[in-house]
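Peer 1: Predicted model, plus sequence, below.
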Amino acid sequence: MDNKPKNQPGQEHDYMTTNQGVKINHTDDSLKIGERGPTIMDDHHFREKMMHFDHERIPERVVHARGSAAHGYFQVYESMAPYSKAKFLQDPSKKTPVFVRFSTVVGFKGSADTVRDVRGFATKFYTEEGNYDLVGNNMPVFFIQDAIKFPDLVHSIKPEPDKEIPQAAAAHDSFWDFISLMPESMHMIMWVLSDRGVPRSYSKMEGFGVHTFRFINNEGKSHFIKLHWKPLTDMASLVWDEAQKAAGKDPDFNRRDLWESIEMGNYPEFELCVQMIPEEDEHKFAFDILDATKLWPEELVPLKKVGKMVLDRNPEDFFTETEQVAFHPGHLVSGIDLTNDPLLQGRLFSYLDTQLTRLGGPNFAELPINRPHAKVENNQQDGIMRHHNNHRNAVNYYPNTRADGKPKMAPEDEQGYVHYPQEVSGKKIRGRSEGFKDHYSQATLFYRSMTDIEKKHIVEAAWFELGKVKEMAIRERVVKQFYHIDADMAKQVAEGIGVKPLEQSEVDKIQQEVKAFQENLWSGKEN
Ligand code: HEM
């Protein structure tokens, strides 16, 4: 048999080379002095191969470490020109390429798919005007209102720092201790304990941008928006018993399902929908529309269908695509802008910052998966792993007279990206508006909108998760929070985890307090 080192089918040559392009004629033995002697430094092929292997790992994402992704395209149903000037939202015949990464949040890169957790749903649109990222989740709200609490939230939910136990999300003292002290998390907790926390398939769950963004049209008119993905197939979740068994028998359950359905031509499809509030209605609602722990009830702000996304191609290489992709909520194109949502504002700092470490320096936008399909030209240069030459001449500053002013600003007839000229005023304080302080009404709305079997699943999920909490005082505090949402649910949870239900007089007192607070907040507003 020919013992020359062979390459994989599909590679250009049928022989291997070193990283310097030199053909290799033997890779089964290292270079030695004699048959039983030491390996010698001359063996550059060995050293190069081993050096590369030794450095294969990069830091996993600090959250959302475990992910699976797919390529596809997006098309609008009709022009969104009345609302947004974004070019990829104008022409129904145009297909914009996308890359979507689904993820769990808490587990490590090698953890099981079917745990109770939030799922990430991040989409990169490679538009003709540059990259637009919609970095969302499968639940429409979030645990906290302000980004400054994010490190605490994540520390509490990740395994405890001394023993790295437990790996399972949400099932331990630290997390429930934090939650019991964080009433703003109650709405999200209802979603996490519901069947939404264990989706059957990535193609059978919704996605939400969560934050309030803006659309801006060509006349400069702005609407506040929330973006949603709706699966074009049915929605489905696992029951908890299935989820636990799948986690043991097939930890790749959701990943395999995504890969195989695309290989079989059964392409996941999602519809992008938008809720819009005209700028002048910003203060019409009982909740603050900048609060990421609140959704906008669809009866108040209906959904408009925008377009369809089809995921029709698996990645060719997990690492260079799924692992190295870098999403950022600040990757925006003209016609879409930010708002002052304090959770969103903090994310704008966090993603770039973490990616500098995770992807080893400032040039990760040059990686093929991150590279916009629009041309990138500016005066940035150098840095670790730089390989794109921007200048092609000696002039790397602006303004200049030496290179015909290159690179220029966007031509005047085509403004380039301009931020919405929002007026801002106020004192510099650490605080939040009153509208942020109603932590229970939407949690109640969610729980009471469930069918009986869905309510039962929420109660049972609470039994499982809180049943793992060792400190009784933590269980009691969480149950007390639940009494602010629904007394019957709280009582059922209490009875399943050995907590004494509250006396009726205490329940009445809590409910009166909640009601009085809400009525005061809501007077004259829509909710
Ligand atoms: C990933 C921070 C809230 C969705 C990440 C990463 C960080 C982070 C550091 C890792 C990024 C990377 O290594 O590339 C934060 C902070 C938040 C926050 C500081 C709040 C203050 C949210 C919210 C959502 C969300 C509200 C959903 C709307 C995601 C998704 C990913 C992610 C989907 C994974 C992206 C991917 O697949 O690569 N987040 N996050 N995050 N975050 Fe957040």
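Peer 2: On my side now, so go ahead.

Peer 1: What are the phi and psi values at the one residue in the chain that gets nearest to the ligand?
Peer 2: Here the residue of the chain nearest the ligand is residue 120; by Cβ to the nearest ligand atom that distance is 2.8 Å. Where you see a C-beta, it was placed from the backbone N, CA and C, and this is true even at glycine. Note on residue 120: backbone dihedrals following degrees, to the nearest 10 are phi -80, psi 150.

Peer 1: Which pLDDT value does the model give it?
Peer 2: What the model reports as pLDDT for residue 120 is 98.

Peer 1: Now do the same contact list for residue 386.
Peer 2: For residue 386, the residues meeting the contact criterion (Cβ atoms under 8 Å, 6 or more residues apart in numbering) are 363, 366.

Peer 1: secondary structure element for the closest residue in space to residue 194 that isn't next to it in sequence?
Peer 2: Counting by Cβ to Cβ, 6 or more residues apart in numbering, residue 194 lies nearest to residue 458, which is 5.4 Å off, once chain neighbours are set aside. Assigned by DSSP states H and E, residue 458 falls within helix 452-466.

Peer 1: what does the stretch 1-150 of the chain put close to the ligand?
Peer 2: 61-64, 67, 101, 103, 120, 122, 135-137, 142, 147, 150 (Cβ under 6 Å from any ligand atom).

Peer 1: Do a quick rundown of the helices in the stretch 351-500 of the chain.
Peer 2: 441-448, 452-466, 472-483, 487-496 (DSSP state H, counting those that start in this stretch).

Peer 1: That should have said the chain, apologies.
Peer 2: In chain order, the chain shows helices spanning 44-54, 150-157, 173-180, 186-193, 240-249, 253-263, 342-358, 441-448, 452-466, 472-483, 487-496, 504-522, with DSSP state H as the criterion.

Peer 1: Tell me which of those sits nearest to residue 19.
Peer 2: Between residue 19 and the helices of the chain, the shortest gap by Cβ to Cβ is with helix 44-54, which sits at 5.5 Å.

Peer 1: show me what contacts the closest residue to residue 525 other than its chain neighbours?
Peer 2: Spatially, and ignoring its direct neighbours in sequence, residue 525 is nearest to residue 286 (4.1 Å; Cβ to Cβ, 6+ apart). With contacts defined as Cβ under 8 Å, 6+ apart, residue 286 is in contact with 435, 438, 441, 518, 521, 522, 525, 526, 527.

Peer 1: Mind checking which of the residues you listed are buried?
Peer 2: Buried positions within these, assessed by neighbour count (16 or more other Cβ atoms under 10 Å), are 435, 438, 441, 518, 521, 522.

Peer 1: Any regions of the stretch 301-450 of the chain where pLDDT drops low?
Peer 2: Along the stretch 301-450 of the chain, the model assigns pLDDT under 70 to residues 391-392, 404-407, 412-413.

Peer 1: Can you pull the residues of it lying near the ligand?
Peer 2: 325, 326, 327, 343, 346, 347, 350, 351, 354, 355, 358.

Peer 1: which residues does the residue lying closest to the first one once chain neighbours are set aside contact?
Peer 2: The spatial neighbour of residue 325 that comes closest, neighbours along the chain excluded (Cβ to Cβ, 6+ apart), is residue 369 at 4.8 Å. Residue 369 makes contact with 99, 320, 321, 324, 325 under the criterion Cβ under 8 Å, 6+ apart.

Peer 1: top of those by neighbour count?
Peer 2: Using other Cβ atoms under 10 Å as the neighbour test, those are led by residue 99, with 24 neighbours.

Peer 1: Need the nearest residue in space to that one, chain neighbours excluded.
Peer 2: The shortest distance from residue 99 to any residue that is not its chain neighbour, by Cβ to Cβ, 6+ apart, is 4.7 Å, and that residue is residue 124.

Peer 1: Let me know whether that neighbour touches residue 325 as I believe.
Peer 2: Yes - contact criterion Cβ atoms under 8 Å: residue 124 and residue 325 qualify, at 6.8 Å.

Peer 1: Could you pull out the residues contacting both of the two?
Peer 2: With Cβ under 8 Å, 6+ apart, residue 124 and residue 325 have common neighbours 99, 370.

Peer 1: Now list the buried members of the residues of the stretch 1-150 of the chain next to the ligand.
Peer 2: Listed as buried from these are 61, 63-64, 67, 101, 103, 120, 122, 135-137, 142, 147, 150; burial here means 16+ other Cβ under 10 Å.

Peer 1: Just flag the most distant two among the residues of the stretch 301-450 of the chain next to the ligand.
Peer 2: Taking Cβ to Cβ, no two of those sit farther apart than 325 and 343, at 22.1 Å.

Peer 1: just to revisit the earlier point, tell me which of the helices of the chain is the most buried.
Peer 2: Relative to the other members of those, helix 186-193 carries the highest mean neighbour count by mean count of other Cβ atoms under 10 Å, namely a mean of 24.

Peer 1: That helix packs against which elements?
Peer 2: Taking 3 or more Cβ pairs under 8 Å, 6 or more residues apart in numbering; DSSP states H and E as the contact definition, the neighbouring helices and strands of helix 186-193 are helix 441-448, helix 452-466.

Peer 1: Is there proximity between that helix and the ligand?
Peer 2: No - looking at helix 186-193 against the ligand by Cβ under 6 Å from any ligand atom, there are no contacts, and the closest approach is 9.7 Å.

Peer 1: so how far is that helix off the chain centroid?
Peer 2: Here helix 186-193 shows a centroid-to-chain-centroid distance of 17 Å under the convention Cα atoms, centre = their mean, to the nearest Å.

Peer 1: And for stretch 514-523?
Peer 2: Here the centre of stretch 514-523 is set off from its chain's centre by 33 Å, with Cα atoms, centre = their mean.

Peer 1: Alpha carbons of it, in PDB - could you do that?
Peer 2: The C-alpha atoms that make up stretch 514-523 are tabulated as PDB, following Å, rounded to 0.1, in the frame of the first residue of the first chain:
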ATOM      1  CA  VAL A 514     -50.000  44.700  44.200                       C
ATOM      2  CA  LYS A 515     -53.400  46.000  43.100                       C
ATOM      3  CA  ALA A 516     -53.000  49.400  44.700                       C
ATOM      4  CA  PHE A 517     -49.600  49.800  43.100                       C
ATOM      5  CA  GLN A 518     -50.800  48.800  39.700                       C
ATOM      6  CA  GLU A 519     -54.000  50.900  39.800                       C
ATOM      7  CA  ASN A 520     -51.900  54.000  40.700                       C
ATOM      8  CA  LEU A 521     -49.400  53.300  37.900                       C
ATOM      9  CA  TRP A 522     -52.000  52.500  35.300                       C
ATOM     10  CA  SER A 523     -54.400  55.400  35.800                       C
END
